[in-house]
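Asker: need coordinates for the below:
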Amino acid sequence: MTRFPLRCQGWPFAVMVLAGLALSNAHAESLVASDVHSRLVLAFRVADAPLQKRLPPGWLPNPATSGPTKDANLLVSFVDRLSNLDPEGKAVAGGRDRYAVMAVPVKESSTGATGSMVVRSYTGNEKILPGAYGTTVLADVRHDSAAGGTNVEPGHATESWQLRLGDAGRLSLTLRYARGTLSRMTTEQKVYSPLRPDFHRIYRSDVIAEVVRSVPASVDRVEALDLKIDLNEFSDLFDGTQQLVGITVAPWVARKIYLP
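Answerer: Okay, the predicted model is just below:
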């Protein structure tokens, strides 16, 4: 079980860091889905040895060398998907779901290919199983959020996530922060499977987001944080030595997903 203390400072601008983003040129690709969701990302620095064991041969962790998540090698994302459509505009697996993703920014040693690798995903939608990367398992997932302010002030927001996996453990987060100025940008990312590292999908997203905590950049607009990680399969990563490097909140992400 892990708890993190409260710190609070100001930050004059937002920096986007939702994942280990890798830009590349588009080639012949096939659209497989499009979705709209909100996302909250926790960026951690964890021990290298147990993290490496979760990657296939030839792949290495590839943490950011600069920016607000410098040195983070594990990203835990909480996603509330409002719409999930196939290329014909039909709902995929009911059209919405809530889930959490454990992803590692990676690099392939021989080719230099970079992106993120989804080592685990927890979903509340059994129709999604086992997921595009073969690493998705079922969990009981609950998300609550609230935001408010007066006139033109940014105001404050609260996010609460609860994941329960029975005997396999639980993950819970309650976050309250002072909202700031949001940044809007487009991103492109390749995401790989540890079970089939020759397989990947390409995500192109239009994102509105803000960094609410960054240790490298001395940013902290977090007013309260209660984080408990008690997952049996990740006990070697969250053993008390992990460091929370940053928190990014993206209230709106419009994304298209392609196969190369």
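Asker: and Leu40, what are its bridge partners?
Answerer: Beta-bridge partners for Leu40, by DSSP bridges, are Phe78, Val249.
Asker: that one and Asn151: what is the separation?
Answerer: 26 Å (Cβ to Cβ, to the nearest Å). Where you see a C-beta, it was placed from the backbone N, CA and C, and this is true even at glycine.
Asker: neighbour-wise, which of the two wins?
Answerer: Between Leu40 and Asn151, counted using other Cβ atoms under 10 Å, Leu40 has the larger neighbour count: 24 against 5.
Asker: I'd say that one and Ser160 touch.
Answerer: No - counting by Cβ atoms under 8 Å, Leu40 does not reach Ser160; the two are 10.3 Å apart.
Asker: now the common contact residues for the two.
Answerer: In the contact map built from Cβ atoms under 8 Å, 6 or more residues apart in numbering, the residues linked to both Leu40 and Ser160 are 173, 175.
Asker: distance check, the residue in the chain sticking out farthest from the centre against Arg98.
Answerer: The centre of the chain is farthest from one residue, Asn151, which by Cα atoms, centre = their mean lies 31.1 Å away. Between Asn151 and Arg98 the computed distance is 32 Å (Cβ to Cβ).
Asker: which parts of the stretch 51-200 of the chain are strands?
Answerer: Along the stretch 51-200 of the chain, the segments classed as strands by DSSP state E, counting those that start in this stretch run 59-61, 74-85, 97-108, 114-123, 136-138, 140-148, 156-164, 169-178, 183-192, 200-214.
Asker: what's the per-residue pLDDT of the residue most central in space within the chain here?
Answerer: If you average the C-alpha coordinates of the chain and look for the closest C-alpha using Cα atoms, centre = their mean, you land on Ser77, 2.5 Å from that point. Confidence at Ser77, expressed as pLDDT, is 98.
Asker: Asn232 too?
Answerer: According to the model, Asn232 scores 96 on pLDDT.
Asker: repeat for Pro61
Answerer: pLDDT, the model's per-residue confidence, is 97 for Pro61.
Asker: so what pairs up with it in the strands?
Answerer: Applying DSSP bridges, one finds that Pro61 bridges with Val106.
Asker: can you name the residues that contact it?
Answerer: When contacts are counted by Cβ under 8 Å, 6+ apart, Pro61 touches 48, 51-52, 55, 73, 104-107.
Asker: touching, Asp230 and Gly169? I think so.
Answerer: Yes - at 4.7 Å, Asp230 and Gly169 qualify as touching, with contact defined as Cβ under 8 Å.
Asker: between the two, which one's more packed in?
Answerer: For Asp230 against Gly169, the residue with the higher neighbour count under other Cβ under 10 Å is Gly169, and the figures read 18 against 15.
Asker: I'd assumed Asn232 was in contact with that one.
Answerer: Yes - Gly169 sits in contact with Asn232 when judged by Cβ under 8 Å, with a separation of 4.9 Å.
Asker: contact partners for the closest residue in space to Arg196 that isn't next to it in sequence?
Answerer: With sequence-adjacent residues excluded and distances taken as Cβ to Cβ, 6 or more residues apart in numbering, Arg196 is closest to Gly134, at 7.0 Å. Residues touching Gly134, when contacts are defined by Cβ under 8 Å, 6+ apart, comprise 193, 195-196.
Asker: and for Ser109, the neighbour number?
Answerer: By other Cβ under 10 Å, the residues close to Ser109 number 11.
Asker: spit out the contact partners of it.
Answerer: Ser109 makes contact with 58-60, according to Cβ under 8 Å, 6+ apart.
Asker: rebuild these as CSV, extending it with distance to Asp140 and neighbour count.
Answerer: Converted to CSV, these look like this (distance: Cβ to Cβ, whole Å; neighbours: other Cβ atoms under 10 Å):
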residue, distance to Asp140, neighbour count
Gly58, 36, 12
Trp59, 31, 21
Leu60, 34, 15
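Asker: just these now: which is nearest Ala113?
Answerer: Nearest to Ala113 out of the contacts of Ser109 is Trp59 (Cβ to Cβ; 9.0 Å).
Asker: Ala93 is in contact with Ile128, correct?
Answerer: Yes - under the criterion of Cβ under 8 Å, Ile128 lies in contact with Ala93, with a separation of 5.2 Å.
Asker: no further questions, thank you.
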